[in-house]
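Colleague: got a predicted model here, sequence first, then my questions.
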Amino acid sequence: MSQEFTFAIESINFDENYHPSDNTRITTNFANLARGESREENLRNTLKMMNNRFNDLAHWDNPNGDRYSVELEIVTVNLNIDYEGRQDTFPSIEILKTNIVDHTTNKRIDGIVGNNFSSYVRDYDFSVLLLEHNKNQPKFTVPENFGDLHGKLFKGFLNSEVYQDHFAKPPVICISVSDTKIYQRSENHHPVLGVEYIQTEPSLTEKYFNKMGLQVRYFMPQNSVAPLAFFFCGDLLNDYSNLELISTISTMETFQRIYRPEIYNANAAAGKHYQPSLKNLDHSLTRIVYDREERSQLAVKQGKFTEEQFIKPYQALLEQWAAKHVL
């Protein structure tokens with residue numbers, strides 16, 4: 001990373017006492033849950049769902065299903081800018097770090113960093129740049145170099161001393177499958193990740209994450225009803241322990257059951273040929289309050305915030321910097 005950009009990390013615990021900070025992207029799953037009259041009940045029930053799912057998957061030497069609990073840290077990655085005598089800080093990324101508590105051995109075990117992935121620049125790319133590019137166009141197209149800047153910034157963070165000092169392994173980001181793509185069940189089966197699904201064609205999100213240096217595999221864990229998308233660099237199946245993988249599954253599947261119940265809380269599991277649908281009526285709702293419509297509206301607002309506070313003021317710097325860094 002050049003001297004114009006440096007990274008700094010802040011973290012806060014995600015528990016039933018969590019309150020979103022002023023610079024948190026309020027479209028983020030955990031921030032949305034932590035607002036309103038039901039905030040404490042939301043958070044308590046969400047954490048209970050995570051712990052129950054963790055113990056369901058980590059069932060060995062766990063006769064009562066209560067050996068483990070998951071603790072979460074919300075990690076905010078700030079981008080510090082030093083340019084022509086002007087110093088500024090922009091909240092570029094938010095991710096989650098899982099930690100595992102083993103109540104039998106009284107040990108605390110590192111989990112995985114990544115999990116949920118939130119990015120102001122991604123909001124700008126998808127909710128401002130992409131929409132403006134396709135305004136009044138007869139056919140949907142993607143702007144040239146779409147995602148290049150975001151990918152280079154993310155790689156800069158992974159290669160930074162800040163990342164290396166704080167995290168022992170590369171990140172794994174876990175998100176929902178696309179409701180516009182078809183997935184084919186394979187014969188490959190992992191003891192924790194479950195059965196692997198193969199996507200018939202890459203989604204725009206997959207191409208976007210590729211520019212971040214991440215590849216994707218789709219797995220449906222035991223007792224799940226739909227595959228999850230796991231984005232990673234390296235070897236997903238061999239670089240991480242079973243407990244590390246379970247911490248990501250239990251955390252992100254819980255968020256998806258709340259946020260996309262039509263897919264992840266469906267009453268029937270995915271078959272051999274699977275196309276997710278947000279119009280699926282055969283699903284169950286959790287008792288956790290989540291404002292999905294507001295989340296979509298805020299993504300546009302935060303994309304415009306990024307344009308005004310980061311893209312436009314530093315356009316010349318960003319172009320110069322991007323030109324010197326290859327994906």
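Modeller: Good, I have the coordinates.

Colleague: what about the helices in this structure?
Modeller: Along the chain, counting by DSSP state H, helices occupy 29-33, 39-57, 120-124, 130-133, 148-158, 161-166, 204-210, 242-259, 261-264, 292-306, 315-323.

Colleague: contacting residues around Thr89?
Modeller: 8, 78-81 (CB atoms under 8 Å, 6 or more residues apart in numbering). For the C-beta atoms, the positions are set from N, CA and C on the backbone; glycine is no exception.

Colleague: any idea how far Pro171 is from Gly234?
Modeller: Gly234 sits 10 Å away from Pro171, going by CB to CB, to the nearest Å.

Colleague: those two: which has the busier surroundings?
Modeller: Neighbour count, other CB atoms under 10 Å: between Gly234 and Pro171, Pro171 has more, with 24 against 13.

Colleague: how many residues are close by the residue nearest to the more buried one when sequence neighbours are not counted?
Modeller: Excluding its sequence neighbours, the residue lying closest to Pro171 (CB to CB, 6 or more residues apart in numbering) is Gly114, at 3.1 Å. Per other CB under 10 Å, the neighbour tally for Gly114 reads 24.

Colleague: give me the beta-bridge partners of Phe14?
Modeller: Beta bridges link Phe14 to Leu72, judged by DSSP bridges.

Colleague: contact partners for it?
Modeller: Counted by CB under 8 Å, 6+ apart, Phe14 has contacts 30, 43, 72-74, 96.

Colleague: do the same with Gly213
Modeller: So Gly213 contacts 151, 154-155, 158, 233, 327 (CB under 8 Å, 6+ apart).

Colleague: least confident of these?
Modeller: Lowest pLDDT among these: Leu327, with 66.

Colleague: gap between the closest residue to Lys211 other than its chain neighbours and Pro171?
Modeller: Distances taken as CB to CB, 6+ apart place Gly151 nearest to Lys211, at 3.2 Å, with adjacent residues excluded. To Pro171, Gly151 is 14 Å away according to CB to CB.
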